[in-house]
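Asker: Just need the structure, nothing else, for what follows:
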Amino acid sequence: MTSGIHHITALTRKIQANVDFYAGFLGLRLVKRTAGYEDAEQLHLFYGDAAATPGSLITFLAWEDGSPGRVGHGQPSEIALAVRPEAIGFWLTRALTCNIAATGPAQEFGEPVLRLKDPDGIIVKLVGEADVDGPAPHVTRDIAAADAIQRIRGATVLSEKPAETAAFVGRHFGFRKVAEANGIVRLAGDAGDVLDIRDASGFWTSAPGTGTIDHIALRAPDRTAVEAAARRLAEEDAGDMNMHDRSYFYSLYVREPGGALLEYATDGPGMTVDEPLETLGTRLFVPKHFRADPDDVRARLPQFSLPGEERMPERDLPFVHRVHRPENPDGTAVVLLHGTGGNETSLLPFGARLAPDAVLLSPRGRSVDEGHPRFFRRLSMTTFDQKDIVNEAEAFAAFMEGANAAYGLDPEKTLFVGYSNGANMIGAIMLLHPGIIRNAVLLRGMNVLESVPATDLPGANVMMLSGQSDPYGRFAGDLERHLKARGAAVEHKLLPAGHEIGGADLELAKAYKERILG
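Answerer: You can find the predicted model right below:
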């Protein structure tokens with residue numbers, strides 16, 4: 001049985017910062033970018049050596065602006081990467097120069113170890129491994145082959161049942177005990193990789209989220225070995241497990257007795273099955289099993305720049321938001337406000353179809369209704385928290401002032417598109433803060449203000465699209481009257497639809513955008 005580590009997968013909150021650390025600071029090669037296999041709205045990045053060799057791969061699922069997790073028992077806690085011992089000094093100097101927090105070097109199991117933290121707080125250890133010779137270390141402009149990361153050295157697993165965890169890994173995946181010290185049992189595989197099983201008795205439990213390591217994948221020679229392992233695990237009644245064809249490898253998932261998730265993944269067919277080695281990591285792949293429009297998926301995924309590429313600005317503004325830049329921007333922008341239950345990604349496919357060459361800006365509402373984001377609180381189906389509307393409208397006006405400056409948006413060439421709660425928010429902002437929004441499409445909108453100020457909206461353009469069978473449709477006329485009374489040019493169309501939006505909405509909104517913005 002060939003044994004070792006195939007890859008390690010973790011969760012990140014900010015993909016650009018993640019790319020800057022792993023591809024920029026550590027000098028790993030981005031070898032694959034895909035939509036997630038379990039969730040197409042998750043970007044999945046693979047970093048590795050120059051040849052994307054199994055045993056060099058660190059992968060991240062992007063939970064952009066997601067909640068942080070908690071490191072605890074039943075979970076991996078550290079990633080270890082192998083460098084040559086004489087390179088430790090280079091990495092210490094590089095960490096100090098790049099303002100990366102580092103501790104050490106210190107000796108662990110007779111090896112020099114430099115501890116770093118990535119932007120999400122995940123501990124990354126650089127381990128000086130004697131006689132290490134990676135198959136294809138990735139060389140960059142400022143990292144020479146002698147200093148480059150060679151491969152994965154190992155990982156640390158926190159377990160309340162360290163003896164059972166160690167026995168399980170050894171029995172099913174070919175690792176063997178080679179050392180023990182300071183509450184850690186060290187296991188080694190045939191490839192030289194190590195798993196440190198740390199006794200975490202009395203430590204708190206883990207919680208999933210960003211800044212945590214999701215699982216460790218161990219190496220299997222082929223699919224036959226994976227299926228044989230599945231039979232052994234079933235005979236042992238090892239608990240729930242499942243097998244998947246991940247295109248680049250075939251694998252099974254199982255939890256060891258301490259609760260940590262392990263994957264058993266084949267070396268082949270490898271990362272070059274759909275991309276040549278020379279251009280690895282340059283294309284986004286969408287798993288076919290979703291049967292989704294790849295363009296819709298791409299619109300929802302966060303964008304990033306590799307080291308040396310033109311950098312998209314990122315600003316900390318009052319609303320969590322997503323910016324999507326097209327390949328050939330035409331100078332226009334579309335701001336998308338989701339409905340109840342949506343988020344900052346919900347309307348991005350609609351926006352990309354509406355205006356393929358526009359910059360898309362999509363904020364997330366800050367109020368919460370039964371766990372779902374909204375732009376202001378709802379007291380009943382037709383009454384709303386007036387103070388919350390006023391406060392959030394003021395915050396949104398400040399958000400747009402910052403966004404216009406940060407992302408180079410021209411208010412005259414910006415179209416606001418809102419659906420349901422988002423449309424209601426746009427209407428309220430126009431009435432409370434005239435001039436912030438000059439062009440709008442309101443999908444299933446209604447007036448939510450109990451007291452409407454006497455403001456002026458000269459030059460404002462609004463298209464309202466209401467549904468004939470929408471239970472809220474009868475309230476749309478009130479908003480139309482208020483907008484028209486204040487000087488806005490309003491087109492209101494009634495569609496043979498309910499509260500949901502569809503192709504007719506898209507085509508009408510697209511024609512309206514082309515008519516008023518060009």
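
Asker: State the distance from the closest residue in space to Ala454 that isn't next to it in sequence to Asn391.
Answerer: Distances taken as CB to CB, 6 or more residues apart in numbering place Arg486 nearest to Ala454, at 7.9 Å, with adjacent residues excluded. Heads up, the C-betas are built off the backbone N, CA and C, glycines and all. Using CB to CB, to the nearest Å, Arg486 is found at 22 Å from Asn391.

Asker: of those two, who's got more company?
Answerer: Neighbours per residue, other CB atoms under 10 Å: of Arg486 and Asn391, the larger number sits with Arg486, 18 against 14.

Asker: which ones are touching the more buried one?
Answerer: Leu431, Pro434, Ala454, Thr455, Asp456, Leu457 (CB atoms under 8 Å, 6 or more residues apart in numbering).

Asker: same question, Leu517
Answerer: Counted by CB under 8 Å, 6+ apart, Leu517 has contacts Thr332, Lys413, Leu415, Asn439.

Asker: So which of those residues sit within strands?
Answerer: Using DSSP state E, the subset of those located in strands is Leu415, Asn439.

Asker: Check the contacts of Leu517 and tell me the two furthest apart.
Answerer: By the measure CB to CB, Thr332 and Asn439 form the most distant pair in those, at 9.7 Å.

Asker: burial of Asp240, as a residue count?
Answerer: Neighbours around Asp240, by other CB under 10 Å: 8.

Asker: Correct me if wrong: it contacts Leu261.
Answerer: No: counting by CB atoms under 8 Å, Asp240 does not reach Leu261; the two are 10.7 Å apart.

Asker: which residues do those two both contact?
Answerer: Joint contacts of Asp240 and Leu261 (CB under 8 Å, 6+ apart) are Val254, Arg255.

Asker: neighbour-wise, which of Thr332 and Asn439 wins?
Answerer: Asn439 (24 against 21).

Asker: So the more buried one versus Leu317, what's the distance?
Answerer: 21 Å.

Asker: Report all helices and strands that the helix or strand of the chain with the lowest mean pLDDT contacts.
Answerer: Lowest on mean pLDDT, DSSP states H and E among the helices and strands of the chain sits strand 367-369, with a mean of 88. In terms of contacts (3 or more CB pairs under 8 Å, 6 or more residues apart in numbering; DSSP states H and E), strand 367-369 is packed against strand 372-374.

Asker: which residues in the stretch 351-500 of the chain form strands?
Answerer: 359-363, 367-369, 372-374, 414-419, 439-443, 461-467, 489-495 (DSSP state E, counting those that start in this stretch).

Asker: Would you mind pulling up the elements that the third one packs against?
Answerer: What that stands for is strand 372-374. strand 367-369.

Asker: returning to that earlier point: which of the strands of the stretch 351-500 of the chain is buried the deepest?
Answerer: strand 439-443 (a mean of 28; mean count of other CB atoms under 10 Å).

Asker: Can you list the strands that that one pairs with?
Answerer: Strand 439-443 has its sheet partners listed here by DSSP bridges as strand 414-419 (parallel), strand 461-467 (parallel).

Asker: mind giving me TSV with these and columns for distance to Pro294?
Answerer: Output for the strands paired with strand 439-443, formatted as TSV (distance: least, CB to CB, whole Å):
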stretch	distance to Pro294
strand 414-419	22
strand 461-467	27
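
Asker: okay, the ones you listed in a markdown table with distance to Trp204 and mean pLDDT next?
Answerer: Below are the strands paired with strand 439-443 laid out as a markdown table (distance: least, CB to CB, whole Å; pLDDT from 0 to 100):
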| stretch | distance to Trp204 | mean pLDDT |
| --- | --- | --- |
| strand 414-419 | 41 | 98 |
| strand 461-467 | 49 | 98 |
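
Asker: so which of those comes closest to Thr345?
Answerer: For the strands paired with strand 439-443, distance to Thr345 was read as CB to CB. The smallest value, 13.2 Å, belongs to strand 414-419.

Asker: how about Arg151, what does it touch?
Answerer: Contacts of Arg151 by CB under 8 Å, 6+ apart are Asp49, Thr53, Gly55, Ser56, Leu81, Ala82, Val132, Gly134, Pro135, Asp193.

Asker: Considering these, which possesses the most neighbours?
Answerer: These, ranked by neighbours (other CB under 10 Å): first place Ser56, 29 neighbours.

Asker: thought that residue was touching Gly134?
Answerer: Yes: applying CB under 8 Å, one finds Ser56 in contact with Gly134, separated by 6.9 Å.

Asker: which residues are in contact with both of these two?
Answerer: Asp49, Ile149, Gln150, Arg151.

Asker: between those, which is closest to Ala17?
Answerer: Among the shared contacts of Ser56 and Gly134, and counting by CB to CB, the member closest to Ala17 is Ile149, at 18.8 Å.

Asker: any idea how far Leu336 is from the closest one?
Answerer: 40 Å.

Asker: next one: Glu344
Answerer: For Glu344 relative to Leu336 (CB to CB), the value is 8 Å.

Asker: still on that earlier bit, tell me which of the contacts of Arg151 is nearest to Pro119?
Answerer: Closest to Pro119, out of all of the contacts of Arg151 and judged by CB to CB, is Leu81, at 16.3 Å.

Asker: about what we covered before: now do the shared contacts for Glu344 and Leu336.
Answerer: By CB under 8 Å, 6+ apart, the residues touching both Glu344 and Leu336 are Ser362.

Asker: residue ranges for the helices of this structure, please.
Answerer: 15-19, 88-97, 162-173, 223-235, 294-300, 348-354, 386-407, 421-432, 476-485, 503-517 (DSSP state H).

Asker: Find the centremost residue of this structure, please.
Answerer: Ala62 (2.2 Å; CA atoms, centre = their mean).

Asker: Can you name the residues that contact that one?
Answerer: Leu11, Thr12, Ile15, Asn18, Gln42, Leu43, His44, Leu45, Leu301, Pro302.

Asker: Most neighbours out of the residues you listed, which is it?
Answerer: Most surrounded of these: other CB under 10 Å gives Thr12, at 27 neighbours.

Asker: ok now do the residue lying closest to it once chain neighbours are set aside, which residues does it touch?
Answerer: Nearest non-adjacent residue to Thr12, counting by CB to CB, 6+ apart: Asn18, 4.2 Å away. When contacts are counted by CB under 8 Å, 6+ apart, Asn18 touches Thr12, Leu45, Phe60, Ala62, Asp118, Pro119, Asp120.

Asker: could I get these as CSV with distance to Gly427 and pLDDT?
Answerer: Shown next, in CSV, are those (distance: CB to CB, whole Å; pLDDT from 0 to 100):
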residue, distance to Gly427, pLDDT
Thr12, 36, 98
Leu45, 39, 98
Phe60, 39, 98
Ala62, 33, 96
Asp118, 43, 98
Pro119, 39, 97
Asp120, 38, 97
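
Asker: Right, I'll call it a day here.
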